[in-house]
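**Student:** predicted coordinates and the sequence they were generated for:
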Amino acid sequence: MRCKISVFAVMCGFLLLATGCGYHIGVRGMMHPQIKSVAIAPVQNNTLEPLAADHLRMQLAGEFQSDGALKLKRVSNADCVVYAVITSVTNRSIEDASFDGGITYRPEKFRLTVKVNFKVVIPGSGTMLVKNGKAVGHGDYSILADPAVARASALKYACYQAAKDIVSQTTEAW
């Protein structure tokens, strides 16, 4: 019994020592060691969709912060800058309204798609970290009580998906 306790204590001690050896999982990802910070330039919106640029910029900031590979800074202080252009926002029906056996009504479903072109530039040198990046996000919604709220939520989710794609392409760029 005494032997089992001492083996257990040695194993626990080994695990505690091994976790303090400087290894990090997930932090810094595949990012170049000299690039430690990122800035997000104002997003350009080439569509007629209101608030799309604001949603995308907000989602980009949140995703860079949660990713943790790069610290978010102002454009004047950052090691690299993300420039994004929303090229299209499309909305199409993906499922018709129907009744299930004449009992339950199921509303029509729509898919809102946001397409973004982006580049990541190292300021001062003009070097491109990501040259012709493309990202796409989708958000599905049904028209229930308030169609404007449902569509706005789908736009926000589509921007979230595009932002995740941009962040992963940026942190794994080199």
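**Tutor:** Structure received.

**Student:** show the contacting residues for Ala41.
**Tutor:** Contacts here follow C-beta atoms under 8 Å, 6 or more residues apart in numbering; on that basis Ala41 touches Val75, Val81, Val82, Tyr83, Ala84. Just so you know, the C-beta spots here come from the backbone N, C-alpha and C atoms, and that holds for glycine as well.

**Student:** are any of those residues buried, and if so which?
**Tutor:** Val81, Val82, Tyr83, Ala84 (16 or more other C-beta atoms under 10 Å).

**Student:** who's in contact with the second one?
**Tutor:** Going back to what we said before, that points to Val82. Val38, Ala39, Ile40, Ala41, Leu60, Phe118, Lys119, Val120, Ile166, Thr170.

**Student:** equivalent analysis for Ser142, please.
**Tutor:** Contacts of Ser142 (C-beta under 8 Å, 6+ apart): Pro107, Glu108, Lys109, Phe110, Ala150.

**Student:** which of the residues you listed sit farthest apart?
**Tutor:** Across the contacts of Ser142, the longest distance by C-beta to C-beta is 11.2 Å; it joins Glu108 and Ala150.

**Student:** average pLDDT across the longest helix that the chain contains?
**Tutor:** Identified as the longest helix of the chain according to DSSP state H is helix 147-171. Across helix 147-171, the average pLDDT comes to 94.

**Student:** sec struct for Glu63, please.
**Tutor:** helix (DSSP: H, G, I helix; E, B strand; the rest coil).

**Student:** so which residue is dead centre in this structure?
**Tutor:** Centroid-nearest residue in the chain, with C-alpha atoms, centre = their mean: Lys164, separated by 1.8 Å.

**Student:** so that one versus Glu95, what's the distance?
**Tutor:** The spacing between Lys164 and Glu95, counted by C-beta to C-beta, to the nearest Å, is 25 Å.
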